[in-house]
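[1] predicted model follows, preceded by the sequence.
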Amino acid sequence: MKQPLAYIHPGAKIHPSVVIDPFVTIENNVEIGEGTRIGSNVTIMEGARIGKNCTIFPGAVISGIPQDLKFQGEETLAIIGDNTTIRECVTVNRGTASKGKTVVGSNCLIMAYSHVAHDCVIGDNVIISNATQIAGEVVVDNFAVIGGGTLIHQFCHIGPHVMIQGGALVNKDIPPFVKAAREPIAYTGINSIGLRRRGFSNETIREIQDIYRYLYLSGLNNTDAIERIEAEVPATKERDEIILFVRNSKRGIIRGYV
């Protein structure tokens, strides 16, 4: 583990099995779990908590201070789960007083030149493609797939199992299980291929499609559509997840396609 061409602060807590390449900088108040590899020229700053069996490629910067003028130097964290891969030149900023931490889950892939801003919460099994820029306090739920070059506005919520077209401008919440594309961004159907790959039955996928027909194809506003869904669609985990997401959306959900 000891790399003579790396700077490792004596206060950092690093498992003996961690591999550290030359020219790495690891500051104080950092913890790195077993089996992780840190590529050359990576900078890991104060407040980083990196899990087991992660791979961080050259040039990444983890737990940099937030790009937020309200930040006053408070002690916050950037947490990365187990088995996550962070590719070249990715930046993950630590939290602010707002949430206290930025979180990237386990089994994620964050591709080169992407940015995860302060106080974001990225779930498990998320894929973020190259040069995606995620503003502060965004939530991305489990199994979401974000296409390259996507720009996500602060405070947006991306639901689970969502697929977003590359180059999208996301300024609204994207509800669970859907595909989102076009400009301006819109609902373009169910992420049926992704759902099948993850073990959803054909019956469940059809039920999800029926729910989104009420939301996007019935001509009803969201409030009336939700009332119809509750009255006419049998309760399931997926139905209730969609209803809860729409009701709790603070920015409003993306529009339907025309």
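    Right, received. Where do you want to start?
[2] got a list of what residue 156 touches?
    Residues in contact with residue 156 (C-beta atoms under 8 Å, 6 or more residues apart in numbering) are 135, 138-139, 170-174, 251. For the C-beta atoms, the positions are set from N, CA and C on the backbone; glycine is no exception.
[3] can you tell me which of those has the most neighbours?
    residue 174 (28 neighbours; other C-beta atoms under 10 Å).
[4] how much space is there between that one and residue 158?
    The gap separating residue 174 from residue 158 is 5 Å, by C-beta to C-beta, to the nearest Å.
[5] need the residues touching each of these two.
    Taking C-beta under 8 Å, 6+ apart as the criterion, residue 174 and residue 158 both touch residue 164.
[6] quick one, longest helix in this protein?
    For the chain, the longest helix by residue count, based on DSSP state H, is helix 202-217.
[7] which strands or helices does the following helix or strand past that helix pack on?
    Note on helix 202-217: by DSSP states H and E, the next helix or strand toward the C-terminus is helix 222-232. Under the contact definition 3 or more C-beta pairs under 8 Å, 6 or more residues apart in numbering; DSSP states H and E, helix 222-232 sits against helix 202-217, helix 237-248.
[8] so where's the stretch 151-258 of the chain shaky on pLDDT?
    258 (pLDDT under 70).
[9] residue 81 is nearest to which of the helices and strands packed on helix 222-232?
    Residue 81 sits nearest to helix 237-248 of all those, at 21.9 Å, using C-beta to C-beta.
[10] in the closest one, what counts as buried?
    238-239, 241-243, 245-246 (16 or more other C-beta atoms under 10 Å).
[11] let me know the closest of those residues to residue 232.
    Of the buried residues of helix 237-248, the one sitting nearest to residue 232 (C-beta to C-beta) turns out to be residue 239, at 10.5 Å.
[12] just give the nearest non-adjacent residue to the closest one, would you?
    Nearest non-adjacent residue to residue 239, counting by C-beta to C-beta, 6 or more residues apart in numbering: residue 233, 5.5 Å away.
[13] before we move on, the earlier item: show me what counts as buried in the longest helix of the chain.
    Of the residues in helix 202-217, those buried (16+ other C-beta under 10 Å) are 204-205, 207-208, 211-212, 214-216.
[14] cool, stretch 14-22 as well?
    Quick answer for stretch 14-22 (16+ other C-beta under 10 Å): 14, 18, 20-21.
[15] now do that stretch: distance from first to last residue.
    Start and end residues of stretch 14-22 are separated by 16 Å (C-alpha to C-alpha, to the nearest Å).
[16] off-centre distance for that stretch?
    How far stretch 14-22 lies from its chain's middle: 26 Å, per C-alpha atoms, centre = their mean, to the nearest Å.
[17] re the thing from before, can you redo the buried residues of helix 237-248 as JSON lines with distance to residue 73?
    Putting those into JSON lines (distance: C-beta to C-beta, whole Å) gives the following:
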{"residue": "238", "distance to residue 73": "43"}
{"residue": "239", "distance to residue 73": "45"}
{"residue": "241", "distance to residue 73": "39"}
{"residue": "242", "distance to residue 73": "41"}
{"residue": "243", "distance to residue 73": "41"}
{"residue": "245", "distance to residue 73": "35"}
{"residue": "246", "distance to residue 73": "38"}
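[18] from the residues you listed, pick the one nearest residue 117.
    residue 245 (22.0 Å).
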